[in-house]
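>>> Sequence first, predicted model second:
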Amino acid sequence: MKKILQIGWKDLRVIFRDRAALILMLLAPFAMTVGMGLVTGALSSSGGGLSQVPVVVVNLDQSTLGNALVEVLKSPELSKLLVVEENNDVTAARALLDADQTAAVVIIPVGFTASVIPQDGQAISADAQIEIYKNPSRTISTGVVQSIVESFLNEVETGRIGGQVAVAQLLASGLVPQQQAVQVGMQIGTRLANERGNLQTLILNTRQASVSEAPSFLMYIAPGFALLFLMYTVSLGGKTLLTERQEGTLTRLMTTPTGPSQVLVGKMAGTYMLGLAQMTILITASALLLGLRWGDPLAMVILLLTTVAAATGWGMLLAAFSRTPGQVSSIGMAMTLLFGLVGGSFFGGVMPGVIGYIGMLTPNYWGQKGFNTLANGGNMQDLLPVYAATLVMAAILLVISIFIFRRKGLLQK
Amino acid sequence: MSPILEVQNLVKKFGDLTAVDGVSFDIQEGEVFSLLGPNGAGKTTTISMLSCLLEPTSGDAVIAGHSVTRDALEVKGVIGVVPQEIALYEELSARENLTFWGQMYGLGGNALKTRVNEVLEQIGLVDRAKDKIKTYSGGMKRRVNIGVGLLHKPRLLFMDEPTVGIDPQSRRSILDSVKDLNKAGMTVLYTTHYMEEAEELSHRVGIVDQGKMIAIGTQKELTQLVGENETLRLHTGENVDVQPLMDALKELPYVIHVSASDNMVVLIVPEADDALPPVLGKADRLGYKIRSVDIQEPNLEAVFLKLTGKALRD
């Protein structure tokens, strides 16, 4: 066992001194995650959920409902989620968004309140719609703002319909004379709009939806890219076996009092340790630098251990079938891309249809599934099928690899 | 005293090719024994079987009482192997390489640290111990390559053509280190196709050709096989058909043997001084321009030439 770990540790040191390998193992997946985060706007949020989303409100209405909406957006309950700035100039507010200074501009038009509630005996004015000017690079943030505004409007609509029904009933029962109907309706609507209890319900619902039900897009693509490059790493590990054979160190190892199975398992251990080191570094870095939360730590550690084992199996199988280190490199790169494609690593999810079924043969599929489950609040029990699938995959592939190695006489007596 | 190595009728076949064909010899403790033969003679295959890397087709070898076919792990604990090619990890330093290989030989803790320091001292690389192997010159790499084989203080050291492809200075350094190791009591099995190395280093030499051991003995015993005869080399230049010259020289009464090698005609004669004038006269009459002439006293090459009918470098 000691020699197995010593061989594995040696491999780890050798590869970690190869700058090109380090770039592909660590920098590339991290850079691609950050890049995708910037493109999709997912990096505008941190901590795996959303916080401090900048919003500009232009309240041209300056009346009951417009003020109520501003009050909702600036309420203490939403203060961690939103940073609201008021601005009276629509053009200036749009310019702020165009310069990517804010995630969304909420424009409450003149006469918005009047379009909902009749004012001083006047008829309801023509529709005045609230506009949300969205930042295309911050899709999740703007989605949150939109859902808050929509919820507010739903409450207002509920209030308006409730007022109409109440007034109609009061009129029918003769409790309110015809000439006071408009005034009573306006009072009911205003009271409903100012009802804090309703708004608090709205606030709580919105907050819950944004954090728990919609994890950041990064939570899907970060493991996707890590798994994609994990396949590259294990092919690199498999390559070291053939490189050692080519450079004579494998033969020399066999002249020491070290058994062939110790050497082979040591090489496998090296590949496994390499994959684990890569994934651990990427996960730690994305947690510290991007603020991603990876879910239940114990469940994640077991997921790492089993997924890397399955990937190691593929790396060893590749080495077993290949004749030269160059062959491992080229086939390994093809395998990395193919597995990434069918396993859903490029999209952070499971591919649909037949490709999805083929993807089940890859560690990428199961790893991605596991990480997505964790991102959505899953625990160890939810991951049991993933653990089982990856362990079975690892066992089958390693047994086949050892059989081929022996048959090809890679490790002579 | 029983020998540290006894090779008993060792055979290795690769399909139809017999690489080693019934080789037998033994090595006494404290001896430097050289296997001398041209490329492809079966030297490396023999070393590979003795190192337990290849399974013999038949026969066996016993090293310090352990059979290479049955007790591989025990044999590997007794032997040290210096392969022909440099087998080191280029990304690791000399110290890291020695430490790793020491671990593979079962060393650990302070004993390993001490031994690594001793070997670094022995190979003269203490100052460069922390540098990566890839920054070393070819000669320095060779020294580390040898150092790895010495880490566990083996009773028997196999050195497989350790001077191939290196500069004369490094070659001299390696030959000196072999002598030093032997003086310190180490038994060495050395393979080479350089006659001079075998002559300089060995207590005894085994001459191999085409998988067979064709002669074994001390240098004196082997040269007696060719008597007091001397070797005469006539350099003819490139692309010259030497066959007519060889045919003519064979007819001279005092020419024992004639062969051709590397733009040369090689003759074995009883006395070079007497043979040279008629030989050169014959060449001149046949229109050959002899560019230079070497005369060599009886040596292993002459033995090889006599036994195989060809020069060692063929």
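Ah, there it is.
>>> what residue lies at the spatial centre of the chain?
I'll assume chain A. The structure's chain A has its C-alpha centroid closest to A:M219; by Cα atoms, centre = their mean the separation is 2.3 Å.
>>> Correction: the question concerned chain B.
Geometric centre of chain B, nearest residue: B:T192, 1.6 Å, by Cα atoms, centre = their mean.
>>> hey, what's it bridged with?
Beta-bridge pairing for B:T192 (DSSP bridges): B:L36.
>>> May I have the phi/psi pair for the residue of the stretch 201-314 of chain B found nearest chain A?
Using Cβ to the nearest Cβ, B:G211 is the residue of the stretch 201-314 of chain B that sits closest to chain A, at 19.3 Å. (Glycine included, C-beta is placed from N, CA and C.) The main-chain torsion angles of B:G211 are listed as degrees, to the nearest 10 and equal phi 80, psi 0.
>>> who's in contact with it?
B:T18, B:A19, B:V20, B:D21, B:V23, B:A41, B:G42, B:T45 (Cβ atoms under 8 Å, 6 or more residues apart in numbering or on different chains).
>>> Widest-spaced pair of these?
In terms of Cβ to Cβ, the contacts of B:G211 reach their longest pairwise distance at B:T18 and B:A41, which sit 12.1 Å apart.
>>> Looking at the two, which one has more neighbours?
Taking B:T18 and B:A41 together and counting by other Cβ atoms under 10 Å in any protein chain shown, B:A41 has the greater number of neighbours (25 against 17).
>>> Quick check: closest non-adjacent residue to the more buried one.
Distances taken as Cβ to Cβ, 6 or more residues apart in numbering or on different chains place B:V208 nearest to B:A41, at 4.5 Å, with adjacent residues excluded.
>>> Would you mind giving the secondary structure of the one you found?
When classified by DSSP: H, G, I helix; E, B strand; the rest coil, B:V208 comes out as strand.
>>> Give me the pLDDT value at the residue nearest to the centre of chain A.
Reading off the per-residue confidence, A:M219 sits at a pLDDT of 75.
>>> just B:L53 next, same as before
For B:L53, the model assigns a pLDDT of 87.
>>> What count of nearby residues applies to the one residue in chain A that gets nearest to chain B?
In chain A, no residue comes nearer to chain B than A:G248, which is 3.7 Å away by Cβ to the nearest Cβ. Per other Cβ under 10 Å, the neighbour tally for A:G248 reads 16.
>>> residues in contact with it?
Listed by Cβ under 8 Å, 6+ apart, the contact set of A:G248 reads B:P83, B:E85, B:I86, B:A87.
>>> how about a cut-off of 6 Å?
The contact partners of A:G248, by Cβ atoms under 6 Å, 6 or more residues apart in numbering or on different chains, come to B:P83, B:E85, B:A87.
>>> Break the chain down into its domains, please.
Going with chain A. Partitioning chain A according to automatic domain parsing yields domains covering residues A:2-43+A:216-408, A:50-213.
>>> oops, chain B please
Using automatic domain parsing, chain B is parsed into the domains B:5-223, B:228-297.
>>> Make CSV from these and add distance to A:Q169 to it.
What follows is those, written out as CSV (distance: least, Cβ to Cβ, whole Å):
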stretch, distance to A:Q169
domain B:5-223, 86
domain B:228-297, 120
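>>> which one of these has the lowest average pLDDT?
Comparing mean pLDDT across the domains of chain B, the weakest is domain B:228-297, with a mean of 86.
>>> does B:T231 count as helix, strand or coil?
Judged by three-state DSSP, the three-state class of B:T231 is strand.
>>> hey, what's it bridged with?
What pairs with B:T231, by the bridge criterion (DSSP bridges), is B:I268, B:Q296.
>>> and it, how many neighbours does it have?
The criterion is other Cβ under 10 Å. On that basis, B:T231 has 22 neighbouring residues.
>>> you'd agree it is up against B:L300?
No - between B:T231 and B:L300 there is no contact under Cβ atoms under 6 Å: 10.7 Å.
>>> Spit out the contact partners of the closest residue to chain A within chain B.
Distances between chain B and chain A by Cβ to the nearest Cβ are smallest at B:A87, namely 3.7 Å. The contact partners of B:A87, taken as Cβ under 6 Å, 6+ apart, are A:G248, A:T249, A:R252.
>>> Doesn't it belong to a strand?
No - using three-state DSSP, the secondary structure at B:A87 is coil, not a strand.
>>> Name the helix or strand of chain A that has the lowest mean pLDDT.
When each helix and strand of chain A is scored by mean pLDDT, DSSP states H and E, helix A:196-208 comes last, with a mean of 37.
>>> Next secondary structure after that one?
Sequence-wise, the next helix or strand downstream of helix A:196-208 (DSSP states H and E) is helix A:218-247.
>>> How far off centre is that following helix?
For helix A:218-247, the distance between its averaged C-alpha position and the chain's averaged C-alpha position is 22 Å (Cα atoms, centre = their mean, to the nearest Å).
>>> mind checking how far B:I207 is from A:I331?
Plainly put, B:I207 is 47 Å away from A:I331 if you go by Cβ to Cβ, to the nearest Å.
>>> Between those two, which has more neighbouring residues?
When B:I207 is set against A:I331 and neighbours are counted by other Cβ under 10 Å, the residue ahead is B:I207, at 25 against 17.
>>> List the residues that contact that one.
Going by Cβ under 6 Å, 6+ apart, the list of residues near B:I207 reads B:L36, B:I214, B:A215, B:F304.
>>> ok, those residues vs A:Q368, which is closest?
For A:Q368, the closest of the contacts of B:I207 turns out to be B:L36, at 62.7 Å, with distances computed as Cβ to Cβ.
>>> mind listing what that closest one touches?
The neighbours of B:L36, taking Cβ under 6 Å, 6+ apart as the test, are B:A198, B:V205, B:I207.
>>> Could you list the low-pLDDT ranges of the stretch 51-200 of chain A?
Scanning the stretch 51-200 of chain A for pLDDT under 70 picks out A:51, A:118-127, A:137, A:139, A:162-163, A:166-167, A:171, A:175-176, A:178-179, A:181-200.
>>> same thing but 80
Where the stretch 51-200 of chain A drops to pLDDT under 80, the residues are A:51-52, A:77, A:80, A:100, A:116-128, A:135-144, A:147, A:155-200.
>>> which residues are there in the stretch 101-250 of chain A that come within reach of chain B?
Taking Cβ under 6 Å from any Cβ of the partner chain as the criterion, the stretch 101-250 of chain A approaches chain B at residues A:G248, A:T249.
>>> tally of neighbours for the residue nearest to B:A41?
Burial of B:V208, expressed as a neighbour count using other Cβ under 10 Å, amounts to 26.
>>> what separates the lengthiest strand in chain A from the chain centre, distance-wise?
Ranked by residue count, the top strand of chain A under DSSP state E comes out as strand A:53-59. Between the centre of strand A:53-59 and the centre of its host chain there is 26 Å, according to Cα atoms, centre = their mean.
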